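A.B. asks: pasting the structure only:
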């Protein structure tokens, strides 16, 4: 069966502005859950804590344990006192980071920046396109502790409210620092719900993918095949790979929490002919309609931005019409959208 050739417009939909969630719910697992059968298109309206009803003993739930860095820093240029905003994107080597600097034109190579009364200093050591700068940090003490004290969570641009509790933009199982944005499908899990799922005989498996801000970069090419994906670092341990291979061998299903877990599992599955092995590296996998799935049997995901690569990823599993129908249902039922919004459970 040949896949139709899609353009960017094919993944557009109209979202009323008031459905963009601005703040997290008081209790993580009380968010709504739209279940979607990708084969039949059948939908049900549930709550996230009902996810346990869709998991069987012998299944595996896969979670991305990456932790968001408080990667937005406000500083000044010592000689002028001018304000500067620095967004840390990824660690290049040592204390050198790839960043976005605003206003970038005022910060050529050699420019100095001071944060928090000089507690943290930085020097611009290279220029990149789109306002990007390579920056080297200078400090005394432990970098992550200084960052926790001075940095802010880099919330997506569509969230206008201030986040009262920074931990609400972290999953309850986050441990490995390195993301510039949260793997948001995981924000619905609570320790109690994970324990209940585990007690039911479902395996809980962690992997790491550090989310880059490329996740939010709009697709600019009308022909989606021409879009170049950003690269993100991933890691899967040999224990995790062995557990997941065993789940499949015994007829269980692999349920990915979020598109980041999907990208990691499918990157490795594609590399090793449908089997999983311990692996780490950079992935720029672009999952869109026509993609041949190797590993993931079902997944939890939030509602994504119109025309985004994430809508295309979900459409690769469900078909374009099925996912757009589900989004239309969610809009009519006033589900909450995007990072702090409600969730979907997509299965066959």
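C.D. replies: Received it, and whenever you're ready, just let me know what you need. What you see is a predicted model, and the numbers here were worked out from it, not measured in a lab.

A.B. asks: The residue nearest to residue 160 when sequence neighbours are not counted: neighbouring residues, count only.
C.D. replies: Spatial nearest neighbour of residue 160, excluding adjacent residues (Cβ to Cβ, 6 or more residues apart in numbering): residue 22 at 6.3 Å. All C-beta spots, glycine's among them, are computed from the backbone N, C-alpha and C. A count of nearby residues for residue 22, using other Cβ atoms under 10 Å, gives 17.

A.B. asks: Distance of residue 22 relative to residue 337?
C.D. replies: 11 Å (Cβ to Cβ, to the nearest Å).

A.B. asks: Surely the residue nearest to residue 160 and residue 159 touch.
C.D. replies: Yes: between residue 22 and residue 159 there is a contact under Cβ atoms under 8 Å: 5.9 Å.

A.B. asks: between those two, what contacts are shared?
C.D. replies: Common neighbours of residue 22 and residue 159, counting by Cβ atoms under 8 Å, 6 or more residues apart in numbering, are residue 340.

A.B. asks: hang on, the earlier thing: the residue nearest to residue 160 - that's part of a helix, no?
C.D. replies: No: secondary structure of residue 22 (DSSP: H, G, I helix; E, B strand; the rest coil): coil, not part of a helix.

A.B. asks: What pLDDT does the model give it?
C.D. replies: pLDDT, residue 22: 95.

A.B. asks: Find me whatever residue is spatially closest to residue 275, sequence neighbours aside.
C.D. replies: Using Cβ to Cβ, 6+ apart and skipping residues adjacent in sequence, the residue nearest residue 275 is residue 245, 6.0 Å away.

A.B. asks: So what does the one you found look like in phi/psi?
C.D. replies: Here is the backbone geometry of residue 245 (degrees, to the nearest 10): phi -60, psi -40.

A.B. asks: Quick one: the helices in the protein, in order.
C.D. replies: Using DSSP state H, the helices found in the chain span residues 143-150, 191-199, 238-249, 258-271, 309-318, 320-332.

A.B. asks: Out of those, which is the most enclosed?
C.D. replies: helix 258-271 (a mean of 25; mean count of other Cβ atoms under 10 Å).

A.B. asks: how distant is it from the center of its chain?
C.D. replies: 12 Å (Cα atoms, centre = their mean, to the nearest Å).

A.B. asks: avg pLDDT for that helix?
C.D. replies: 98.

A.B. asks: Does anything pack onto it? Which helices or strands?
C.D. replies: Here helix 258-271 touches strand 60-64, strand 203-209, strand 232-236, strand 254-257, strand 279-283, strand 298-302, helix 309-318, going by 3 or more Cβ pairs under 8 Å, 6 or more residues apart in numbering; DSSP states H and E.

A.B. asks: burial measure for the nearest residue to residue 4 once chain neighbours are set aside, as a count.
C.D. replies: Excluding the flanking residues, the one nearest residue 4 by Cβ to Cβ, 6+ apart is residue 289, at 7.5 Å. Residue 289: 20 surrounding residues under other Cβ under 10 Å.
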